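>>> sequence isn't available, so here's the structure alone:
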């Protein structure tokens, strides 16, 4: 996803190993969504616990509970007094909201983890985007070019005239 490329010290010519962590992309929107989902999960979990305690309290009185399953942007929640039977039904609503947030947290954490980039092979870095100064990247933007290397591979650089570039192909014999 889009975000700020984390600092890395990889440059052209560096060798990397398979599964080596290369860099990360910090997506602040994704991080914010994750924080809000965790807050909503915690809010609903605490409401469920408080309502169960109120229902189980001695006496056969009504239960005071919030009207909403989510915090309202920093505003105090509205509360109402309901019978224990209604409170039990509302607990199920809060459990559904909590379970939804739990699933949402898992999905967001998976997306955050996908912003950590690992090497797919024993490779050589052919090119790497500079990460100096908090470089912003867009989704799917190229960050590095890696070349798979083997024990008998040789990398050669050559100066080629611009008019000859169109005729050059991989594995081409030098006499062609």
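Okay, I see it. Just so you know, these numbers come straight off a predicted model, no measurement behind them.
>>> out of the helices and strands in this structure, which is least certain?
None of the helices or strands of the chain scores lower by mean pLDDT, DSSP states H and E than strand 63-66, at a mean of 80.
>>> touching that one from outside, list them.
By Cβ atoms under 8 Å, 6 or more residues apart in numbering, the list of residues contacting strand 63-66 from outside reads 47, 51, 54-55, 77-84, 86-87, 90. All C-beta atoms are positioned from the backbone trio N, CA, C, and that covers glycine.
>>> can you rerun that using 10 Å?
43, 47, 50-55, 57, 72, 76-88, 90-91, 94 (Cβ atoms under 10 Å, 6 or more residues apart in numbering).
>>> where's residue 117, which helix or strand?
Using DSSP states H and E, residue 117 falls within strand 116-118.
>>> that strand - what's its average pLDDT?
Mean pLDDT, computed over strand 116-118, is 94.
>>> next, the buried residues of the helix or strand following it.
Using DSSP H and E, the helix or strand that directly follows strand 116-118 along the chain is strand 123-128. Going by neighbour count (16 or more other Cβ atoms under 10 Å), the buried part of strand 123-128 is 123-125, 128.
>>> pull up the pairing partners for strand 123-128, direction included.
strand 15-16 (antiparallel), strand 144-148 (antiparallel) (DSSP bridges).
>>> what's that strand in contact with?
Contact with strand 123-128 is made by 5, 8-18, 20, 22-23, 119, 142-149, 153, 155, as judged by Cβ under 10 Å, 6+ apart.
>>> okay, now the unreliable bits of the chain?
By pLDDT under 70, the weakly predicted segments of the chain are 60, 69-76, 133, 154-156, 174-176.
>>> tell me how many other residues crowd residue 122.
The number of residues packed near residue 122 is 16, by other Cβ atoms under 10 Å.
>>> circling back: of the strands paired with strand 123-128, which is nearest residue 62?
Between residue 62 and these, the shortest gap by Cβ to Cβ is with strand 144-148, which sits at 62.4 Å.
>>> element containing the residue nearest in space to the middle of the chain?
By Cα atoms, centre = their mean, the chain has its centre lying nearest to residue 112, at 1.2 Å. Following DSSP H and E, one finds residue 112 within helix 84-113.
>>> distance between that helix and the chain's centre?
From the chain centre to the centre of helix 84-113 is a distance of 20 Å (Cα atoms, centre = their mean, to the nearest Å).
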